[in-house]
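[1] model this:
(one chain, ligands or ions: 3)
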Amino acid sequence: MSVRPQEPQAQSTRERKKVTIQTLQTMRDTNRPIAMLTAYDYPTGRACDLHGIDITLVGDSLAQVCLGYDSTTSLTLDEMIHHCRAVARGSKNPLLVADMPYGTYHTGGDDTVRNAIRMVREGGVEAVKMEGGSEVVDIIRRLTSFGVPVMGHVGLLPQRHTALSGYRVQGKDARGAVGLVRNALELEKAGVFSIVLEAIPHRLGELITRRLSVPTIGIGAGPYTSGQVLVWDDVMGTWSGHQAKFVRRFADVQSEAKRGVTGYAAAVRERSFPDVEAESYPMDDLEWQQVIAEFE
Ligand SMILES: Nc1nc(=O)c2c([nH]1)NC[C@@H]1CN(c3ccc(C(=O)N[C@@H](CCC(=O)O)C(=O)O)cc3)CN21
Ligand SMILES: CC(C)C(=O)C(=O)O
Ligand SMILES: [Mg+2]
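    Numbers count the residues shown, from 1 in each chain. Ligands and ions are numbered 1, 2, ... in the order given. Next up, the predicted model:
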């Protein structure tokens, strides 16, 4: 294996400062786009940290892309916390946010507070995200009053894919659009520090972004939001399931993985790996003679 010369330090890996809720607000106010990406374990959390991501999200998409479940609704709180801890170990600078799993913020105030505090204390995240509009404002008020920062999420709500009969663009008609704007405004009033807008027409993404004073983070909400978020596996090309219209691949890690796996297996089968000199341990001749003598 030849050693390539070190590449010059990329701009993204230069020293960066801790991203806070205040940083994000300033970015929004000065029109600097916020880059958010999901991470699910130590190496992906580490990569987001090293390469200049502003917000790392331990999304409940982890259910599908990482754990192989059919939908996000199967994910448990314990599973989520287990992954949050791994991401947190690799994450320093980005603001670390995680989705509250389905069913963990629906059964009353005390339960939700207990679950959110577990995400922070055991999971090591700095803020929690929950899907929904006016129906979750009471619990958002309660959590923010205890100092747990909350991110909202409106538009396409994957945790409700059954009730919504699939993953569909939201707010396409005037009635739906007005309802989404109202929900976003209510979430802001309840104290969210930011809102994810998922799969809505770009005009609506722009209008909500203008109407709110907190940053909006779009996924399939067009280019006029305060920031963007995508799922790690969609960006890397490691998700082989359905691709939504809003997905763009920025890397092809799947074919690199294929190259690595097939190359390794072929080298084992043709006995070219490991190399006896470069990839194995030698033993002193005198010592070896004594071993041989013992068994002859
Ligand atoms: N890999 C991955 N990426 C995601 O963005 C993602 C997940 N998984 N899992 C959890 C949710 C589910 N999401 C989804 C899933 C499907 C569509 C989708 O297929 N949308 C249609 C809309 C069609 C219409 O309404 O007309 C599309 O074609 O874009 C959108 C978001 C977003 N989240
Ligand atoms: C796509 C983002 C917004 C998300 O909620 C997730 O990854 O679960
Ligand atoms: Mg999610």
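
[2] Doesn't residue 36 lie inside a strand?
    Yes - secondary structure of residue 36 (DSSP: H, G, I helix; E, B strand; the rest coil): part of a strand.

[3] contacting residues for it?
    Contacts here follow Cβ atoms under 8 Å, 6 or more residues apart in numbering; on that basis residue 36 touches 53-57, 217, 227-229. No exception for glycine: its C-beta is placed from N, CA and C like everyone else's.

[4] do residue 92 as well
    So residue 92 contacts 18, 49 (Cβ under 8 Å, 6+ apart).

[5] what about 7 Å?
    Applying Cβ atoms under 7 Å, 6 or more residues apart in numbering, we find residue 92 in contact with residue 49.

[6] Residue numbers of the stretch 1-150 of the chain in contact with ligand 1?
    Contact residues (Cβ under 6 Å from any ligand atom) of the stretch 1-150 of the chain with ligand 1: 61, 64-65, 72.

[7] Inside strands: which ones of the residues you listed?
    Using DSSP state E, no member of these falls in strands.

[8] if I read this right, residue 238 contacts residue 252, doesn't it?
    No - with contact defined as Cβ atoms under 7 Å, residue 238 does not count as touching residue 252 (9.0 Å).

[9] Looking at these two, which one has more neighbours?
    For the pair residue 238 and residue 252, the greater number of neighbours falls to residue 238 (18 against 12), based on other Cβ atoms under 10 Å.

[10] Secondary structure class of that one, three-state.
    coil.

[11] Tell me how many other residues surround the closest residue to ligand 2 within the stretch 1-150 of the chain.
    Among the residues of the stretch 1-150 of the chain, residue 59 lies closest to ligand 2, at 2.1 Å counting by Cβ to the nearest ligand atom. Residue 59 has 30 neighbours, counted by other Cβ under 10 Å.

[12] and if you look at residue 143?
    Neighbours of residue 143 (other Cβ under 10 Å): 27.

[13] Surely it is within a strand?
    No - Residue 143 is assigned helix when assessed by three-state DSSP, not a strand.

[14] Could I get the contacting residues of it?
    Neighbouring residues of residue 143 by Cβ under 7 Å, 6+ apart: 113, 116, 150.
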